[in-house]
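Student: Have a look at this prediction, sequence included:
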Amino acid sequence: MSTPGGGEQHLSADGMRLYGAIARQDWPVVDEIVVRNPQARQELLGWGLVHWGPEQGGRPVVRDPDLALRELMERELEQARARVDRLSKLPALADELGDQYRAVQLRAGGSSEYLGDAAVVNSRIRDVVGGAQREILAAQPGGPRRRELLELAVERDMAALDRGVDLRTIYRDTVRDDVLTAEYAKTMSTRTGGRRAEYRTLVGSFVRMIIVDREQAFVPDLIVAGSPEHSAWHVTDRAVVAVLAEVFDTTWRRAAMWHGELRPRVGRDDVDTVSEPGKVATTPRQREIMRCLVSGMTQAAVARKIGVPKRTLEDEIAALKRLSGADTAMQLAYWWAHCPDSHDTAKDRPAVA
């Protein structure tokens, strides 16, 4: 529909024809267009291009288009000025209402909202993290991150650092063997010309969480039966968020500082030895897997604990069998019991920061 304010800049073809027919007083054509397309009449009235009422004996009269369109422009400008004035007052109104809202939330203790859809979780986290003003704390126990996630994180985290936001992240110790995650951490922690991100790593499991400005947090779902893998809770209860921040700070103090350095490797390209020269070498992840398996955990439970897909765990176990020469799980357990790596775990203990 071609009407002012409707997004159109020109009259429709029927509107133009109708205006011309009225100007020529060609009433048969006028009647034909109005019967076929009544909207054309409303169009001319909306643009103010005709007078059409009883005072003209029921017949329309065209108006000077210059005059009509100048009047229309003034009306549109006045409405635009009113909208701009209203919009200009919204930030102050948001601040005033926000103070009252936050005061009530603080007294009421806030809330926790269950997010069962991964897309909703990601969207909510993106919005909250994107609005951080002071601090972003992230505990990521899932191990090395995928390339596409790291590429997205660089732009987001750079923007946060440029706003003056403190960014601290805890990773599982296995990221020290991952080239992509190490490159990302090095880029963010050694950048010049602005604030730098901080990273630490920790051997073993810890709780996944993201905390923004110590006012909001995202944590995994542990209470909804049958919830999807990537479901989460958005927590705005200030008392709960304060406890989560304390948990993060305690974990941070236990973790070892990391600036993206890859772990030194001895003898092979894919291992980090803790053994004497010439002895069997295993990676930190492999040592954690073996400790879990010999404790009686199922492979599914081990995969969940160390934060890797089941296929990745199967590949690691296959590599351990090739390394040990074992054909069965029992033979692998026997080998591990006599392996020097099962006794020397000094490198698996985090440094005191």
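Tutor: Okay, I see it. Computed from a predicted structure; not experimentally measured.

Student: Any buried residues in stretch 114-132, and which?
Tutor: Under the neighbour-count criterion of 16 or more other CB atoms under 10 Å, stretch 114-132 has Leu115, Val121, Arg124, Ile125, Val128, Val129, Ala132 buried. (Each C-beta comes from the backbone N, C-alpha and C, glycine too.)

Student: Specify the local secondary structure of the last one.
Tutor: When you say that, I think you mean Ala132. With DSSP: H, G, I helix; E, B strand; the rest coil as the basis, the three-state label of Ala132 is coil.

Student: Where does the prediction get shaky in the chain?
Tutor: Within the chain, the ranges that satisfy pLDDT under 70 run 1-9, 54-57, 101-110, 264-281, 343-353.

Student: Gln299: neighbour count?
Tutor: For Gln299, the number of neighbouring residues by other CB atoms under 10 Å comes to 15.

Student: typed the wrong thing, it's Ala242
Tutor: Burial measure for Ala242: 14 neighbouring residues, criterion other CB under 10 Å.

Student: from the chain's centre, how far out does stretch 237-250 sit?
Tutor: In terms of CA atoms, centre = their mean, to the nearest Å, the centre of stretch 237-250 is set 21 Å apart from its chain centre.

Student: show me where this structure has strands.
Tutor: Assignment of strands within the chain using DSSP state E yields the ranges 50-51, 61-62, 112-115, 135-140, 166-172, 198-202, 209-212, 216-220, 232-235, 256-258.

Student: Nearest to Ile22 among these would be which one?
Tutor: Of all the strands of the chain, the one in closest proximity to Ile22, counting by CB to CB, is strand 61-62 (5.1 Å).

Student: could you say what helices and strands that closest one packs with?
Tutor: Using 3 or more CB pairs under 8 Å, 6 or more residues apart in numbering; DSSP states H and E as the contact criterion, the elements in contact with strand 61-62 are helix 13-24, strand 50-51.

Student: what's the shortest one in contact with?
Tutor: I take that to be strand 50-51. For strand 50-51, the external contacting residues (CB atoms under 8 Å, 6 or more residues apart in numbering) are Tyr19, Ile22, Leu44, Pro60, Val61, Val62, Arg63.

Student: Could I have the PyMOL command that selects the buried members from the residues you listed?
Tutor: Here the buried members of the contacts of strand 50-51 are turned into a PyMOL selection, burial being counted by 16+ other CB under 10 Å:
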select buried, resi 19+22+44+60+62+63
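
Student: How about the spatially most central residue of the chain: what's its closest non-neighbour residue?
Tutor: Nearest to the centroid of the C-alpha atoms of the chain, with distances taken as CA atoms, centre = their mean, sits Arg126, at 2.8 Å. On the basis of CB to CB, 6 or more residues apart in numbering, the spatially nearest residue to Arg126 that is not a chain neighbour turns out to be Arg156, at 7.6 Å.

Student: how much space between Arg75 and Gly48?
Tutor: Summarising the geometry, the distance separating Arg75 from Gly48, computed by CB to CB, to the nearest Å, is 8 Å.

Student: These two: which is more packed in?
Tutor: In this comparison of Arg75 against Gly48, neighbours counted by other CB under 10 Å, the higher total goes to Gly48 at 17 against 13.

Student: Could you report the neighbour count for the residue lying closest to the more buried one once chain neighbours are set aside?
Tutor: The shortest distance from Gly48 to any residue that is not its chain neighbour, by CB to CB, 6+ apart, is 4.4 Å, and that residue is Ala68. Other residues within reach of Ala68 by the criterion other CB under 10 Å amount to 16.

Student: ok, now the one 10 residues further on?
Tutor: By other CB under 10 Å, 10 other residues sit near Glu78.

Student: Likewise for the one 10 residues further on?
Tutor: Each residue near Ser88 was counted by other CB under 10 Å, and the total is 9.

Student: Which residues are in contact with it?
Tutor: By CB under 8 Å, 6+ apart, the contact list for Ser88 is empty.

Student: Next, work out how far apart it and Gly131 are.
Tutor: Counting by CB to CB, the gap between Ser88 and Gly131 amounts to 21 Å.

Student: any idea where the helices of this protein begin and end?
Tutor: Secondary structure of the chain by DSSP state H: the helices cover 13-24, 27-36, 38-47, 65-88, 90-108, 118-130, 147-162, 179-189, 238-254, 284-294, 299-306, 310-324, 329-337.

Student: Specify the angle between the last one and helix 299-306 in degrees.
Tutor: Here helix 329-337 runs at 40 degrees with respect to helix 299-306, directions being taken by axes from the mean of the first three to the mean of the last three CA atoms, to 10 degrees.
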